[in-house]
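Visitor: just need the structure, nothing else, for what follows:
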Amino acid sequence: VHTVRVFLLPAVAGQLTTILALLPLMTVGGIDGKFIRILPVTITLALLISLVVAFLICIPLSRYLLSRQAGRQQELLIDRISGRLRSQLSSALERGPLASKPRAAMWVAAALGVFILSLVVAAQLPVQMYEQAEDRRIGVSIELGPNTTLAQAQRIADKAGDFIRHWQWVDKSVAYVGQKSPFATAALKDALLPIKAYHQVGFSIILVPRDERPEMAFEYLDELREGLRQALAGEAGYELFLTYFGGNPNPTVPVQIELSGLDYDELRSIAQAVKAELAQVPGAIGIRDNLGVPLREIRFTFKPERLSFHDLTEQDVVHQIRMWMAEDEYGYFKWPGIQDDPKIRFSMEWPSRGQRAGSPRHVSEIELMDVISPGGVTVPLLDLVDFRIIESPQVYVHSAGRRTVAVQARAEGQTATTIMLALQPRLEQMKQRWPAGYDYRLAGELEAANEGYGNMGYAFIAAVFLIFVLLTLMFGSMTQPLIILL
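Guide: Residues are numbered from 1 along each chain as shown. You can find the predicted model right below:
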């Protein structure tokens with residue numbers, strides 16, 4: 001009973017202070033939190049169980065196991081060593097920091113100053129969620145103009161593929177004509193965007209094993225990028241992007257600025273200005289937006305009085321325009337043997353297509369389109385409608401119910417957090433010139449860091465306060481716990 005009374009309070013206080021020190025780790029969220037939280041939870045359970053074992057099992061057992069040693073007062077070696085060190089430490093403190101109250105106050109103030117300075121310095125350090133690691137996979141994306149044909153995309157793929165095949169560090173590669181590489185669409189947001197189009201060319205590259213090359217995989221990105229640019233030196237109007245995750249469990253692009261608003265044309269204009277500003281920040285490479293290459297569309301506006309004059313409805317005109325513009329499948333041509341039956345397709349014969357089926361390729365061919373009225377009268381289409389050519393995004397992306405455009409980039413030589421924080425003052429200045437209802441949000445790696453570790457600062461302050469309260473109750477003083485914490 002005497003042993004329990006002597007050691008229970010110090011033991012419980014020691015275990016609780018250790019558990020409270022682990023509190024910030026329990027608040028980590030995101031992907032990291034799923035792994036990090038295992039550590040503080042396991043340690044907490046182990047400390048609580050050890051406390052129960054010590055007082056409910058070890059002390060009762062010691063009554064029987066150490067009963068023969070009860071009357072002996074022999075001092076153990078560890079007791080002599082600890083006593084000697086205790087006396088030396090006490091003498092040193094009395095001669096130094098504790099020689100007088102003013103000197104002790106100076107030491108406490110100095111310790112507090114060093115603590116505050118360390119917090120300020122730590123806040124200024126660059127933050128990088130994950131260090132670049134070895135990964136043999138590299139995704140290459142080449143985006144061409146919106147009117148690119150499949151034959152033109154194949155020509156680009158042949159030139160780029162010739163360089164990749166002869167690059168000494170490539171083990172395997174796969175080319176995709178009219179489609180992005182799967183290595184470039186690992187994030188969920190990228191998977192929502194169109195990945196198949198004639199203007200897309202992609203390559204999936206696997207480098208040779210690590211022991212067959214002198215450098216790590218990410219150190220070859222500049223060489224690969226420069227080699228592809230030289231291979232495509234005679235081509236114009238393309239954009240080249242390399243995707244390398246390096247074992248990062250979060251495959252999103254590290255630098256992201258999400259712009260939200262009402263009108264996509266205004267968002268596109270703002271995104272162009274943001275990309276120009278981001279290009280001035282050192283370390284930002286591969287700058288792009290998630291709108292991709294804009295599509296050119298023809299937008300028709302009906303003339304109600306002309307429709308009424310010819311006894312036509314908008315639905316009648318739209319149906320006939322679709323027949324003019326589309327290539328319809330009517331069945332299969334039966335082929336002897338086991339080969340697949342070829343499809344039978346019909347379309348209008350357009351001069352721009354030659355002898356091939358398909359929709360018109362020139363705006364001037366709209367003048368050749370006619371609409372047949374219910375009375376059998378042929379009416380030129382341009383008598384019924386006005387048209388204009390507009391550019392529209394390939395896909396409309398929404399976030400929290402608002403139209404959103406994401407400006408993206410990768411970081412080299414700088415952390416993604418450093419790049420976005422350097423850009424933020426410029427964004428604030430630009431925002432003053434934006435129309436009402438338009439805003440920005442820093443996403444990517446900075447958002448992931450805030451999501452995962454944003455609450456650690458508050459948890460740290462709460463843990464320090466609770467430890468201070470615990471020590472105050474234990475010592476019956478407020479100054480001693482402050483000295484201990486410092």
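Visitor: does Ala459 count as helix, strand or coil?
Guide: State at Ala459, reduced to three classes by DSSP: H, G, I helix; E, B strand; the rest coil: helix.
Visitor: er, Ser204 I mean
Guide: strand.
Visitor: since we're on it, how many residues are nearby?
Guide: Using other Cβ atoms under 10 Å, Ser204 has 19 neighbouring residues. Where you see a C-beta, it was placed from the backbone N, CA and C, and this is true even at glycine.
Visitor: which residues does the closest residue to Leu307 other than its chain neighbours contact?
Guide: Distances taken as Cβ to Cβ, 6 or more residues apart in numbering put Leu384 closest to Leu307, at 6.1 Å, once the chain neighbours are dropped. Contact partners of Leu384, counting by Cβ atoms under 8 Å, 6 or more residues apart in numbering, are Phe302, Lys303, Arg306, Leu307, His310, Leu312, Val317, Val371.
Visitor: so the fourth one sits right up against Thr301, yeah?
Guide: No - counting by Cβ atoms under 8 Å, Thr301 is not a contact partner of Leu307; they are 11.6 Å apart.
Visitor: which of these two has more neighbours?
Guide: Comparing Leu307 with Thr301 by other Cβ under 10 Å, the one with more neighbours is Leu307, at 20 against 8.
Visitor: residue contacts, the more buried one?
Guide: Thr313, Glu314, Val317, Leu384.
Visitor: mind doing that once more with 7 Å?
Guide: Thr313, Glu314, Leu384 (Cβ atoms under 7 Å, 6 or more residues apart in numbering).
Visitor: quick one: which of these is nearest Thr415?
Guide: Set against Thr415, the nearest of these by Cβ to Cβ is Glu314 (55.3 Å).
Visitor: show me what the closest residue to that closest one other than its chain neighbours is bridged to.
Guide: Of all residues beyond its chain neighbours, the one nearest Glu314 is Phe302 (5.6 Å), with distances taken as Cβ to Cβ, 6+ apart. Applying DSSP bridges to Phe302 gives these bridge partners: Val385.
Visitor: counting by contacts, list what the strand or helix carrying Val177 packs against.
Guide: Using DSSP states H and E, Val177 falls within strand 170-179. Applying 3 or more Cβ pairs under 7 Å, 6 or more residues apart in numbering; DSSP states H and E, we find strand 170-179 packed against helix 150-166, strand 196-207.
Visitor: show me where the stretch 201-350 of the chain has strands.
Guide: 239-243, 255-261, 284-289, 295-302, 328-332, 343-346 (DSSP state E, counting those that start in this stretch).
Visitor: residues making contact with the fifth one?
Guide: Residues from elsewhere that reach strand 328-332, judged by Cβ under 7 Å, 6+ apart: Asp341, Pro342, Lys343, Ile344, Arg345, Phe346.
Visitor: would you turn these into JSON lines with pLDDT?
Guide: Shown next, in JSON lines, are the contacts of strand 328-332 (pLDDT from 0 to 100):
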{"residue": "Asp341", "pLDDT": "83"}
{"residue": "Pro342", "pLDDT": "82"}
{"residue": "Lys343", "pLDDT": "81"}
{"residue": "Ile344", "pLDDT": "79"}
{"residue": "Arg345", "pLDDT": "76"}
{"residue": "Phe346", "pLDDT": "75"}
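Visitor: between the residues you listed, which is closest to Ala233?
Guide: Using Cβ to Cβ, the contacts of strand 328-332 come closest to Ala233 at Arg345, 38.5 Å.
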